[in-house]
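sequence unknown, structure follows:
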């Protein structure tokens, strides 16, 4: 995809609510008056353009702005679109070093608007869709990357038990469970046979690196899932906690670092092939080493790091298959869903190629 920001117009801002995501706005307004302190005035609803998973809406009433995140309608994958978990982790992280929007209320009664949803504050700032950060100076890019890395390191340092999240996931054997989970998710959404995925499904369980640790993991941390201050390289809120759980922090960080392995081309936002020193963007190794220092870890073996990248590519293939399945079903939340779903095959092939490199270097 081109680096200019016009390439991201389909993701930025709001639009009228899509017909497949329309709901009873009067019923919502009644619920909001009962459950959100200070809510009042005539309700106006718009839908955010960006996002592929949980439909997200901007609510305006009484001079205030809110955000509503809901489960999409239709048949859903098991355990997916967990807006209740998003609400819980955002509430728990309030006041920590991890900036989050203020969460107001959760509605698990599908009778109100058709699916479960929660409401949080609207945070006014910048969402940077392109990791090449066009329009910023070299120094500004470096500062934004430093802040992005600072916040994920802060998340992984949070004492999850102390903030009431001891039961937010199962500690231990995270990679084993995730490989099994995303294999199931992939199978549930499978639209065609991809040979490289079949090989990964066999290879991944047999090559899990030793050692384990547990932290809160975001599951989808990247530039377009944080809101920056309008004028400063400072994150005001981390968004989209749907895939968060307790897990291995290095696996979460490796998912974030896939950006360095992906080229900037149609349908993909990446850094591979870019002149990073000229841009002021840190290389993958420098960015990773800064994170390791910030979290008090030593060096990570290159084979282990590459395994985490392979697993995360496989995981993303599962996510893309889910997007494709919803697009074919007609209830995906973004008009580019079908295009995104088509990225599954080339990404799986890239993951299998990296797995073969690991095998070659260890033999």
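Arrived safely, thanks for sending. Note that the structure is a prediction, hence the values are computed from the model and not measured.

Every contact and neighbour count from this point should use C-alpha atoms.
Will do.

where in the stretch 201-350 of the chain is pLDDT low?
Within the stretch 201-350 of the chain, the ranges that satisfy pLDDT under 70 run 265-268, 331-336.

Go again with 90.
211-212, 242-243, 263-269, 298, 319-344 (pLDDT under 90).

in the stretch 1-150 of the chain, which spans are strands?
14-15, 44-48, 56-61, 64-70, 103-107, 117-121 (DSSP state E, counting those that start in this stretch).

Geometric centre of this protein: which residue is closest?
Nearest to the mean C-alpha position of the chain, counting by C-alpha atoms, centre = their mean, stands residue 220 at 2.5 Å.

could the strands of the stretch 1-150 of the chain go into JSON lines alongside mean neighbour count, distance to residue 322 and mean pLDDT?
What follows is the strands of the stretch 1-150 of the chain, written out as JSON lines (neighbours: other C-alpha atoms under 10 Å; distance: least, C-alpha to C-alpha, whole Å; pLDDT from 0 to 100):
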{"stretch": "strand 14-15", "mean neighbour count": "15", "distance to residue 322": "24", "mean pLDDT": "86"}
{"stretch": "strand 44-48", "mean neighbour count": "19", "distance to residue 322": "20", "mean pLDDT": "95"}
{"stretch": "strand 56-61", "mean neighbour count": "21", "distance to residue 322": "18", "mean pLDDT": "96"}
{"stretch": "strand 64-70", "mean neighbour count": "20", "distance to residue 322": "17", "mean pLDDT": "96"}
{"stretch": "strand 103-107", "mean neighbour count": "19", "distance to residue 322": "25", "mean pLDDT": "97"}
{"stretch": "strand 117-121", "mean neighbour count": "22", "distance to residue 322": "20", "mean pLDDT": "96"}
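
now those in a markdown table, with distance to residue 175?
Shown next, in a markdown table, are those (distance: least, C-alpha to C-alpha, whole Å):
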| stretch | distance to residue 175 |
| --- | --- |
| strand 14-15 | 37 |
| strand 44-48 | 33 |
| strand 56-61 | 30 |
| strand 64-70 | 28 |
| strand 103-107 | 30 |
| strand 117-121 | 29 |
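
Tell me which of the ones you listed sits nearest to residue 159.
strand 103-107 (20.1 Å; C-alpha to C-alpha).

between that closest one and strand 117-121, how big is the angle?
170 degrees (axes from the mean of the first three to the mean of the last three C-alpha atoms, to 10 degrees).

So which residues make contact with strand 103-107?
35-37, 84, 87, 90-91, 116-121 (C-alpha atoms under 8 Å, 6 or more residues apart in numbering).

what helices or strands is the longest helix seen in the chain leaning on?
Longest helix in the chain by number of residues (criterion: DSSP state H): helix 302-329. If you count contacts as 3 or more C-alpha pairs under 8 Å, 6 or more residues apart in numbering; DSSP states H and E, helix 302-329 packs onto helix 174-189, helix 249-257, helix 337-341, helix 344-362.

Next, the buried residues of that helix.
Within helix 302-329, the residues that qualify as buried by neighbour count (16 or more other C-alpha atoms under 10 Å) are 303-327.

contacting residues around residue 175?
So residue 175 contacts 208, 248, 251 (C-alpha under 8 Å, 6+ apart).

and if you look at residue 61?
39, 40, 41, 42, 43, 44.

Please apply the same query to residue 124.
Applying C-alpha under 8 Å, 6+ apart, the residues contacting residue 124 are 227, 229, 230.

that older thread, quick one: which of the contacts of residue 61 is the most crowded by neighbours?
residue 39 (20 neighbours; other C-alpha atoms under 10 Å).

Which residue is the nearest non-sequential neighbour of it?
Of all residues beyond its chain neighbours, the one nearest residue 39 is residue 33 (5.5 Å), with distances taken as C-alpha to C-alpha, 6 or more residues apart in numbering.

what's the distance between residue 17 and residue 68?
According to C-alpha to C-alpha, to the nearest Å, residue 17 stands 12 Å off from residue 68.

go on, residue 59?
Plainly put, residue 59 is 7 Å away from residue 68 if you go by C-alpha to C-alpha.

Could you dump the contacts of strand 103-107 into CSV with distance to residue 132 added?
Listed next are those as CSV, based on distance: C-alpha to C-alpha, whole Å:
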residue, distance to residue 132
35, 41
36, 39
37, 40
84, 33
87, 31
90, 28
91, 32
116, 36
117, 33
118, 32
119, 32
120, 29
121, 28
